[in-house]
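K.L.:
Sequence first, then the predicted structure:
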Protein chains: 2
Amino acid sequence: MSTAPVPAPNVVPNLVPSYTELTRVYARLYRYNHLSAIVGWDRNAMMPAGGNEARAAAEAELSALIHRTRTDPRLVTWLKAAETEALDDTARANLREIRRDWRDANALPEALVEAKTLAGARCEHAWRSQRPANDWKGFLENFREVVKLAREEAQLLADDTGLTRYDALMDRFEPGVRAADIDRIFGDVKTWLPDLIKKAQEKQASEKVIVPQGPFPVAAQRALNLEVMTLLGFDFSAGRLDESTHPFSGGVPEDVRLTTRYSDRDFARSLLGTIHETGHARYEQNLPRAWLGQPVGTARSYGLHESQSLSFEMQLARSRAFVGLMAPLLKKHFGDQPAFDPDNLYRLWTRVKRGFIRVDADEVTYPAHVILRYDIERALVEGDIEPDDIPALWDEKMQRLLGLDTRGNYKDGCLQDVHWTEGAFGYFPSYTLGAMYAAQWFATMRRTTPDLDTRIAAGDLKPVFEWMGANIWSQASLWDTPELVQRASGEVLNPALFRAHLERRYC
Amino acid sequence: MSTAPVPAPNVVPNLVPSYTELTRVYARLYRYNHLSAIVGWDRNAMMPAGGNEARAAAEAELSALIHRTRTDPRLVTWLKAAETEALDDTARANLREIRRDWRDANALPEALVEAKTLAGARCEHAWRSQRPANDWKGFLENFREVVKLAREEAQLLADDTGLTRYDALMDRFEPGVRAADIDRIFGDVKTWLPDLIKKAQEKQASEKVIVPQGPFPVAAQRALNLEVMTLLGFDFSAGRLDESTHPFSGGVPEDVRLTTRYSDRDFARSLLGTIHETGHARYEQNLPRAWLGQPVGTARSYGLHESQSLSFEMQLARSRAFVGLMAPLLKKHFGDQPAFDPDNLYRLWTRVKRGFIRVDADEVTYPAHVILRYDIERALVEGDIEPDDIPALWDEKMQRLLGLDTRGNYKDGCLQDVHWTEGAFGYFPSYTLGAMYAAQWFATMRRTTPDLDTRIAAGDLKPVFEWMGANIWSQASLWDTPELVQRASGEVLNPALFRAHLERRYC
């Protein structure tokens, strides 16, 4: 953290600078958020069902407390006064981030924050059993309240920023990115993606693929995951791997909590999912220690976070070079079998298949899943459609984009994701922005390290870690997103690099 | 929770009764304590070492917040006004408990609470590696600060209550019990315990005991523990069993977190430890749901809590009747072996042995361990001795009470317990009070259910659960300790029943 500025001689002595007052409040918030992250992880990975009601009440209390802290009236005065104080560049960036956080928080009354947390926790908890039961009607009962509160929230944020409702929600995940940008980018993707999927599938139709034969014991899968996390640089003195229904990366930078889920018929799902979460984890674990506790020390955006997980899962783990490293590890943990031949594994892990489930989708069909959700949630938040309209729209768009029929199959359709259950609208575009950033990072790395793939194939992942460390992890929230992208890669987001990556790998 | 009283007609309408204001603050505290319990459990059972510093800061922040809430100046006004409000018996008891909590909290300034939490967390964390390293000198560095702060705390509590320093600390664990009472009880025990230990060992000298042969795989031990917890009525929809260095019962009544530790050479330690913690857990899980969230709905005292764990571990699990139920379960999980004969198991689990470690002690030598700690911690808190004096005193008392030499062996001596590391002085007497209460409960049950042991032997534990439910669990903090004991057993604490239990089983 930057040092406090020395007060000018004509200022009353012993007066604490306003910037210092702000950093104290945000250090306190950092500790509250620590508690929130750990009990949230616990709810998903550890808590028995009977604990839910008491936990929801405790988490709502904490959310309200965090909200009260972020809306303390003294912050307005300090923010204004801090503008005129002498601050170094890091403190100046921290002040900018504090102001951004303050603006987000102060658009919302405490009662709404509390109601939203409670409704989200209820809906999410009920969804855990409603999804396997295909119970869309039951889900709707809780979900209508979630949508109602999300619209109120979006309207208040919109009033405050002059943005549209959906832009106002999305701005919290991707600062500065607007629906108009997404429309342009996704509009472009729509022109070439169906054809690219078709080409990839035609090319792969003649490929022979051997499917690994299970069962793969959970204990062996876990041991494999831990070994691969170690290879990828995960620091186990500052984090763990556990299990949950919906895998996620949680915890705090000093103690990152990853989760996965296991099926003894398929090890790849858990392995590649764990590699994905390890990408998130390394970003968190390598944020600059000196800035931890202040907003400038946090990860830049959700899209950039996703660029890390997808760099690990898509750019790195599914490359032919990295697959060569995996083959001996699979033999070690599961015994040998023909499917573990590296060329076969590569064909298997780059297989393109139109499917119902977003989290199981390959990187070629994945953007279709995101575009579908973006269209629906944007209309839902703007009030153009109602929760009851979702299944029909879902069916129609799945037909159009992927040629799949999901009628009546809610559990593999609109009930499949956790995001909407908790009212997290505006997040989905970040996944595809993340994929595009990741393609841009690797294109940049290959320019500066032409033998990158040779080195990866030899097990030397240092060039990747060093590039990420220098250009992304260590930068935290020092710059806004466009400037960080420019500094890291020499240009702003260029979706053509993503298309080139897909064409090179799949066509 | 009791309903709010209707205001009298001459009172300003819409004025919230002061009692209701108090219940709102305590409902909020209940939620803060939920967060504290879960992150505390996590620190002990889940957290990697690298997370400690950030966690200590977050927990200190939460402790300070809880302290601020308990010292809100408005509480004084509300407490005074609530006295004159019309309240039913439950609300009246709740008000009494709120006043007790308020008195405890308001004797201490916030800075001391925060410093104590921080010093305790640091000392406890360092102790985890200092104990195995036998590093008393290293421990002292942190421990001096813990003792210094505990004395400050005790002095402030003493000033507030007119008690001595040690009585003031102990009163928080055993309301109304004084060092003078303990002196009398422990003084009595000292007159007959050495002789009873001698007699028991003489009787057992000629007994043939077959020791179970390991290894006992951890997975099988865990499965056995879970099955025995189920037999003992643990509700797994409202709790879990995990692992930690120092086993404990944590979490919240709606979500009880038990821990144990495993050694593959000895299953009994983990099994009987788990049975012990299950006793604590059933008390928590069966507190009256309607009162949860208010002080009247909490367990009565630490001694009464220990009476539950020792009822399960000592009175129940080590009875010949219950051992007969365990034998087939051991065969099921570990395969058959001669040691699993019920008579042999009974001899094994009631074996009296003078040993260094309190948590491994049998119920006959256990009081000696407690008396030793009581003598030392009382003198430490009163300022009659200093932390540096502890090892010599420990040696001297272990020699006198159990005839054992612990010189230089800190890890099996004064470094063995977690309590002092966190500054929890005044707690140790509760263990032996608990053992005495437990003996009194079973003496009472046997009066009303003469065939109790026949029913236990047949696997019917309902009489035990029903008696505990009606007399202890459901009563929460409705009565003070002496009245609860009187109502449950028809008389006040009678240590002769404990002596009679030991003589019947061991002499």
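P.N.:
The structure has been received and is ready for your questions. Just so you know, these numbers come straight off a predicted model, no measurement behind them.
K.L.:
Strands of the stretch 151-300 of chain A, residue ranges please.
P.N.:
All strands of the stretch 151-300 of chain A, identified by DSSP state E, counting those that start in this stretch, fall at A:239-243, A:249-252, A:255-260.
K.L.:
Quick one: residues in contact with the first one.
P.N.:
Counting contacts by Cβ atoms under 8 Å, 6 or more residues apart in numbering or on different chains, the residues outside strand A:239-243 that touch it are A:45-46, A:222, A:225-226, A:229, A:251, A:255-262, A:274, A:281, A:285, B:46, B:48, B:50. Using the backbone N, CA and C atoms, a C-beta is placed for each residue, glycine as well.
K.L.:
Equivalent analysis for stretch A:376-393, please.
P.N.:
Applying Cβ under 8 Å, 6+ apart, the set of residues contacting stretch A:376-393 is A:136, A:140, A:143-144, A:147, A:150-151, A:154, A:164-166, A:169, A:179, A:375, A:394, A:397, A:407, A:410, A:413-414, A:420, A:425-426, A:428.
K.L.:
just stretch A:431-438 next, same as before
P.N.:
A:174, A:177, A:185-186, A:189, A:302-311, A:314-315, A:363, A:366-367, A:370-371, A:485, A:493, A:495, A:497-498.
K.L.:
ditto for stretch A:319-335
P.N.:
Under the criterion Cβ under 8 Å, 6+ apart, external residues in contact with stretch A:319-335 comprise A:212, A:216, A:220-221, A:223-224, A:227-228, A:231, A:267, A:271, A:316-317, A:340-342, A:345-346, A:349, A:453-454, A:456-457, A:459.
K.L.:
How about stretch A:248-255?
P.N.:
A:33-34, A:37-38, A:40-41, A:44, A:238-240, A:256-259, A:277, A:280-281, A:284-285, A:287, A:292, A:297, A:309, B:47-48, B:50-51, B:53-55.
K.L.:
Point me to the residue of the stretch 251-400 of chain A nearest chain B.
P.N.:
The shortest separation between the stretch 251-400 of chain A and chain B is 3.1 Å, found at A:Asp255 (distances taken as Cβ to the nearest Cβ).
K.L.:
I misspoke; the intended subject was the stretch 1-150 of chain A.
P.N.:
Counting by Cβ to the nearest Cβ, the stretch 1-150 of chain A gets nearest to chain B through A:Gly51 (3.1 Å).
K.L.:
what's that residue sitting at in phi/psi?
P.N.:
phi -80, psi -10 (degrees, to the nearest 10).
K.L.:
tell me the contacts of it?
P.N.:
Contacts for A:Gly51 (Cβ under 8 Å, 6+ apart) come out as A:Arg43, B:Ala238, B:Gly251, B:Val252, B:Glu254, B:Asp255.
K.L.:
Check the burial of A:Ile275 by counting its neighbours.
P.N.:
Residues lying near A:Ile275 (other Cβ atoms under 10 Å in any protein chain shown) number 24.
K.L.:
Could you do the one 4 residues further on as well?
P.N.:
Other residues near A:Gly279 come to 27 when the count uses other Cβ under 10 Å.
K.L.:
What of A:Asp451?
P.N.:
By the other Cβ under 10 Å criterion, the neighbourhood of A:Asp451 contains 12 residues.
K.L.:
What distance do you get for it to A:Gly413?
P.N.:
For A:Asp451, the distance to A:Gly413 equals 45 Å [Cβ to Cβ, to the nearest Å].
K.L.:
Repeat that for A:Glu422.
P.N.:
Taking Cβ to Cβ as the criterion, A:Glu422 is separated from A:Gly413 by 18 Å.
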